[in-house]
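Visitor: build me a model:
(2 chains)
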There are 2 protein chains.
Amino acid sequence: MSSRHVFLILGMLAALLPAELGAEPSTGAETNAVTTYRQAHEAAILRGFAELLSMPNVASDTENIRRNAEYIRGQLEQRGARAKLWQVEGAPPIVFGELEAPNATRTLGIYVHYDGQPVDRANWTHPPFEPVLYTAAIEAGGEPRPFPEDGEPVDPEWRIYARSAGDDKAPLPALFAALDALAAAGIPRSSNLKFLFEGEEEAGSPHLRTYLETHRDRLDVDLWLICDGPAHQSRRPQLVFGVRGVTGFEITVYGATRNLHSGHYGNWSPNPALMLAQLLAGMKDDDGKVLVEGFYDSTAQVGEAERAAIAALPPVDEALRKELGLAASEGGGELLAERLLLPSLNIRGFQSGGVAETARNVIPNTATASLDVRLAKGNEPQAMVDLVEAHVRRQGYHVVREDPDLETRLAHPRIAKIEREGGYKAARTEMDLAVVRDVIGAAERAAGESLVLMPTLGGSLPLYLFTDLLAMPVVIVPIANHDNNQHAPDENLRLANLWYGIDLMGSLLTMD
Amino acid sequence: MSSRHVFLILGMLAALLPAELGAEPSTGAETNAVTTYRQAHEAAILRGFAELLSMPNVASDTENIRRNAEYIRGQLEQRGARAKLWQVEGAPPIVFGELEAPNATRTLGIYVHYDGQPVDRANWTHPPFEPVLYTAAIEAGGEPRPFPEDGEPVDPEWRIYARSAGDDKAPLPALFAALDALAAAGIPRSSNLKFLFEGEEEAGSPHLRTYLETHRDRLDVDLWLICDGPAHQSRRPQLVFGVRGVTGFEITVYGATRNLHSGHYGNWSPNPALMLAQLLAGMKDDDGKVLVEGFYDSTAQVGEAERAAIAALPPVDEALRKELGLAASEGGGELLAERLLLPSLNIRGFQSGGVAETARNVIPNTATASLDVRLAKGNEPQAMVDLVEAHVRRQGYHVVREDPDLETRLAHPRIAKIEREGGYKAARTEMDLAVVRDVIGAAERAAGESLVLMPTLGGSLPLYLFTDLLAMPVVIVPIANHDNNQHAPDENLRLANLWYGIDLMGSLLTMD
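Guide: Numbering: from 1, shown residues only, chains lettered A, B, ... in the order given. As a prediction, this is how the structure comes out:
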């Protein structure tokens, strides 16, 4: 272990002590100035946020999505940035901006997405694009109340309800307020900034690669701050350093050319549901270990910093098992956070014949399973499915891409059709990079308490476009409360989280 | 091997030589007389059959089903039988009749069902209860033609189209014509007869047990002739000596209390589709042998007569595999007919999560499989499922009858809900009983060619009510052509098969 590692781990362990036991947070002058500014302008900041939230922002709503983009460009320009809309035919624009700092030591990229999930208006308490302020979460008995007048006291437990309040417009007022606060206090920023605000993340970012490839020469930064996602379930702020990649495939095995009467042919005609059960059963052991040869070989080693961060995470496994009704989890008691650093092979569906009221006394003619493969750092999507396919072949299966014809059926007692999906790699930034350590420090100063540091999320986002295509480190910087109802009706942001976001932005923009 | 066995087997082997190579069929005087009578009365026999077929006969159609029963009782009485309708509340009546013979050496029971499958009129060429005569099968280019006048020549390849023409009204005109022919020729019957004509077989015979228990004292016979089913696919007449029993169950295994995001929880939360795949995979080997301990132990030994009959069957396995697109069948090449003499364990459905367009990146919260167990002679339905349950427990599963509550889930890492169905035993009559040998001989005389002798059908019928409840041997005596479209639109009977049925009845009613 290098001395640098030791230093980092000690630093992290100190940072992860419960806040009430830790040293006074080292809130610098910059953070104090930002906090003071914010406290004096809370009502105005909320009005600005409400204005942004009142613009419908579903990616497919071309006219409104452009209204959002134009509005945000205006907000950047008001703060001295050069800003423009990049436009790929048929896609929502990307709002791109640049803002230099006189004595910048680095360039930070700031990613936010301004589009939101589609809305199902019938299930919302209020129309999703008419922001409403509540005194607390609705399910906790909160009541609607008017937006505050300037100077009126604001309770940080109030919540603002609207689509994208949490996911993912919240970082925008946080950024704007932080820029305003630093300007008002005459505090210089320490980094040049590049803004990349996407308008179709919730639609799967279908054009993000094109945008990044087209404008690659403008995207040279030291680190991307991916401003998205919620705080940790423990309510503590978190930083996240990666996401899993994903791919998937569907596998179909074949019995006779048609469903057969199980009386007339049972015991004689092979049953594809059994064949597929046997094939899948051999892919994992009882403890969840994938038995496909080579499945774990390409996975990147996990560093000391990451192991230390995992060891310091708030313990959640036991509570999760209780909540989910699980007497045991896979991996012989390994922590969830550790397990997310490995690739996974998951049966998301298995279908053959019928059950319950659709059960018939037949030998089904096919059985199909759908699997997803979550990828850890180092795993290539297609190479991982290659390994699974090799495993299938080793079990004596003839692998095809389309339903077999009669000749093929008669030539091979075991046939498996494997249909592959696309997919993408994991993205994970090593936590011991210098710039990453700077971000951790800045975020801790803003939070005034220890952070949850997650080496990776279990879910998948195409962050590999940043880490692989652009070859830049990324840190995911969440602001929203964990219970923000993202992707659901009654999405909301707790004001304390917005205030944290402003402080966080102030701290990040001024970090040494 | 006893000398009686040797005699029987030699006799059967001779009988099974292809007809054109065999000795002249030993058609006795009785059969000749019946044939002569039939040839002189074909038009009238067809008119009578059409009258019967014109009565709608779906079991739930209370009024019409009773019309059928009354009509059939009348037909029996016209032929000197004492006949009555047995009636259980809410069930179609059973037509019961008795007809003694002066010097009877035995009593034969004759079972027919006069109800038919429900009809889907839109898919029929003609209304299903308006019998139409065709010059050949419709799909072979047959044309409709008028019913013949008395004395007009009748082509045995003509077919009569109507619901229940094959399944299962055909034996009734065959029986009536045979009785008429014997009476006209003054030939005495050799057996007393008891008629048991059921009206809800296609509805699953829900009251047959009640009827038989209630009237048990009237049902004392030496053998039941179960007149139902089609000839062998080779077009040769067959006799069948048993059916498989059946039961089934559904098994559900559990993951978390809800579907989980496969990214956030994959590799940590157990996947019930995989667990169920592993559980089912261990129940059978690659060759289709059931690995559940004791699964084959209760199965009755197969006698020499049955083995000889199987060896003499027309070879069908290779052609079936080709037709069904199977490169191999289970059991290492054992014949289908042999495999039917063993109990089977069949996955008729497996359902967990979604595939294709319904696939979602989740760990499903449950997985369910539906299985049927076909039973061979000697197997008790519930005892067989007991064995499977014991196997499940040996894999570490806690077996429950209802979805587990949270406490149960937290106490047991593996939980399987097993929901049992009812079911019934197999029925199989030993082929070397004296009365059975008499039936085989009589049927051969009527057929004028060797018969296909099937120790058991693969399918299931509640014949155990005859073999176990009444403790009588049964022989299934099919008449209909194999391509009679039973249970389907355009059901039909080929006239050659009706003529065979008449000869067969004549032969059976006069056998020594």
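Visitor: show me the domain layout of chain A.
Guide: For chain A, automatic domain parsing gives the domain ranges A:3-243+A:426-510, A:248-295+A:343-423.
Visitor: sec struct for the closest residue to A:P102 other than its chain neighbours, please.
Guide: The shortest distance from A:P102 to any non-neighbouring residue, by CB to CB, 6 or more residues apart in numbering or on different chains, is to A:P188 (6.4 Å). C-beta coordinates here come from the backbone N, C-alpha and C atoms, glycine included. Assigned with DSSP: H, G, I helix; E, B strand; the rest coil, A:P188 falls in the coil class.
Visitor: wait, what's in contact with the residue lying closest to A:S205 once chain neighbours are set aside?
Guide: Residue nearest to A:S205 in three dimensions, not counting chain neighbours: A:P462, with 5.5 Å by CB to CB, 6+ apart. The contact partners of A:P462, taken as CB atoms under 8 Å, 6 or more residues apart in numbering or on different chains, are A:S205, A:L208, A:R209, A:Y424.
Visitor: A:G288 too?
Guide: Residues near A:G288 by CB under 8 Å, 6+ apart: A:E330, A:G331, B:N267, B:W268, B:P270.
Visitor: list the contacts of the closest residue to A:R235 other than its chain neighbours.
Guide: Nearest non-adjacent residue to A:R235, counting by CB to CB, 6+ apart: A:H482, 6.6 Å away. Neighbouring residues of A:H482 by CB under 8 Å, 6+ apart: A:P230, A:A231, A:H232, A:Q233, A:R235.
Visitor: now do the helix or strand harbouring A:A277, average pLDDT.
Guide: Per DSSP states H and E: A:A277 is located in helix A:272-281. Helix A:272-281 shows a mean pLDDT of 98.
Visitor: still on that earlier bit, report pLDDT for the residue nearest to A:P102.
Guide: On pLDDT, A:P188 comes in at 96.
Visitor: which pLDDT value belongs to A:P381?
Guide: 97.
Visitor: before we move on, the earlier item: do you know how far the residue nearest to A:R235 is from A:P230?
Guide: A:H482 sits 5 Å away from A:P230, going by CB to CB, to the nearest Å.
Visitor: likewise for A:T358?
Guide: 39 Å.
Visitor: could you do A:V240 as well?
Guide: From A:V240 to A:P230 the distance is 10 Å (CB to CB).
Visitor: for the closest residue to A:L340 other than its chain neighbours, give me its contacts.
Guide: Nearest residue to A:L340 in three dimensions, chain neighbours excluded: A:G458, at 4.5 Å (CB to CB, 6+ apart). Residues in contact with A:G458, defined by CB under 8 Å, 6+ apart, are A:R244, A:L336, A:L340, A:R374, B:H261, B:G263, B:H264, B:Y265, B:G266.
Visitor: least confident of the contacts of A:H482?
Guide: Comparing those by pLDDT, A:Q233 comes last, at 79.
Visitor: contacting residues for that residue?
Guide: A:Q233 makes contacts with A:V316, A:H482, as judged by CB under 8 Å, 6+ apart.
Visitor: can you do 6 Å?
Guide: Contact analysis of A:Q233 by CB atoms under 6 Å, 6 or more residues apart in numbering or on different chains lists A:H482.
Visitor: that one should be in a strand, yeah?
Guide: No: counting by three-state DSSP, A:Q233 falls outside a strand, being coil.
Visitor: pull the number of nearby residues for the residue nearest to A:R258 when sequence neighbours are not counted.
Guide: Distance criterion CB to CB, 6+ apart; nearest residue to A:R258, sequence neighbours excluded, is A:N365 at 5.4 Å. For A:N365, the neighbour count with other CB atoms under 10 Å in any protein chain shown is 19.
Visitor: repeat for the one 10 residues further on
Guide: Other residues near A:L375 number 28, with proximity taken as other CB under 10 Å.
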